[in-house]
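# Structure, please.
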Amino acid sequence: MQYSYEVPEGHSEKIPLKVYVSIFGRYLGSRWKLVALITISVLLDIGLRLVSPQIISRFIDEAMAGAAQSELLRLSILFLVFSLLQQGFLIFSSYIIQSVTWGATNELRNDVMEHTLGLDLSFHNNHSPGEMIERIVGDIQQLGNFFSRMTITLVANLLIIGSIVVLLWRENWVLGAILGGFISVILVILYLTRNLAVRSFRDVRKAYGDLFGFMEERLAGMEDIA
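Model prediction:
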């Protein structure tokens, strides 16, 4: 599958959302069952994280009210079971995420490699093999780490924060409103400043490519001299 969109020199133009959607559909569409499992596991993990504090609160209230030991024991066992289930869903989702990430990024590497091999000779004269290896392997690995860790963590934490605000609002609407307003301000600030590090990160990846290109040329030259 070929993409006609190209980022202009200087990277001043933002990539349209439809390009991201197209790429996700290309590399995750065939793995939709695993993606569905990831979604279910993450949602169950979040639900158990929210239920566990409620069990602790119930345990404290029952203990202060002088409840029977059998009731306290039941709540303790329930909390332990929910905690173990939460850890189980976390491990399961992490495993599936890594499986999907490796499969999708390997397919992406193959497509990028096929694309670069089809470019004209002037491109390969300007980019050494070491640089191309680092940009194809290293950049895609960074992309995989981003989507397998940061994206899932970000989405999960946003859902957790939203659920906490709702639960806190039920207990005390004033505290819920304060926390909700504070979180909204933080999210707006993060949204407005999201592009500050993009150019620096691109420069870092380019520097890594130049470094590996330099090392590959020097090592290859030493072998020729020997």
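
# Break the chain down into its structural domains.
14-118, 129-226 (automatic domain parsing).

# Show me where the chain has its helices.
17-28, 32-64, 69-117, 121-126, 129-133, 139-145, 152-171, 173-192, 198-225 (DSSP state H).

# any idea which of those is most buried?
The highest mean neighbour count among those, using mean count of other C-beta atoms under 10 Å, belongs to helix 129-133: a mean of 18. The C-beta positions use only the backbone N, C-alpha and C, and glycine is treated the same way.

# State the distance from residue 16 to residue 199.
Computed as C-beta to C-beta, to the nearest Å, the residue 16 to residue 199 distance reads 19 Å.

# Comparing the domains of the chain by mean pLDDT, which bottoms out?
Ranked by mean pLDDT, those bottom out at domain 129-226, with a mean of 78.

# Residue 52 contacts residue 86, doesn't it?
Yes - the criterion here is C-beta atoms under 8 Å, and residue 52 meets it with residue 86 at 6.9 Å.

# contacting residues for the closest residue to residue 92 other than its chain neighbours?
Nearest residue to residue 92 in three dimensions, chain neighbours excluded: residue 41, at 5.4 Å (C-beta to C-beta, 6 or more residues apart in numbering). For residue 41, the contact set (C-beta atoms under 8 Å, 6 or more residues apart in numbering) comprises 89, 90, 92, 93, 96.

# is it true that the last one touches residue 37?
Yes - Residue 96 is within contact range of residue 37, at 5.5 Å (criterion: C-beta under 8 Å).

# and the gap between the residue nearest to residue 92 and residue 18?
Residue 41 is 29 Å from residue 18, by C-beta to C-beta.

# now do residue 48
In terms of C-beta to C-beta, residue 48 sits 36 Å off from residue 18.

# same check, this time on residue 83
Separation of residue 83 from residue 18 (C-beta to C-beta) stands at 42 Å.

# Look up how far residue 64 lies from the residue nearest to residue 141 when sequence neighbours are not counted.
The shortest distance from residue 141 to any non-neighbouring residue, by C-beta to C-beta, 6+ apart, is to residue 105 (6.9 Å). For residue 105, the distance to residue 64 equals 53 Å [C-beta to C-beta].

# Check residue 42 too.
Residue 42 is 35 Å from residue 64, by C-beta to C-beta.

# try residue 91
Counting by C-beta to C-beta, the gap from residue 91 to residue 64 is 35 Å.

# And for stretch 208-218, what's in contact with it?
By C-beta under 8 Å, 6+ apart, stretch 208-218 touches 127, 128, 129, 130, 131, 132, 133, 134, 135, 138.

# ok, for the fifth one, nearest residue in space, not its chain neighbours?
The reference is to residue 131. residue 213 (3.2 Å).

# Kindly report the same for the second one.
Once its chain neighbours are removed from consideration, residue 128 has its nearest residue in residue 213; the separation is 3.8 Å (C-beta to C-beta, 6+ apart).

# what's the answer for the last one, then?
Beyond its immediate neighbours in the sequence, the residue positioned closest to residue 138 (C-beta to C-beta, 6+ apart) is residue 208, lying 6.1 Å away.

# hmm, back to that, for the residue nearest to residue 141, what are its contacts?
In this structure, residue 105 makes contact with 140, 141, 143, 144, judged by C-beta under 8 Å, 6+ apart.
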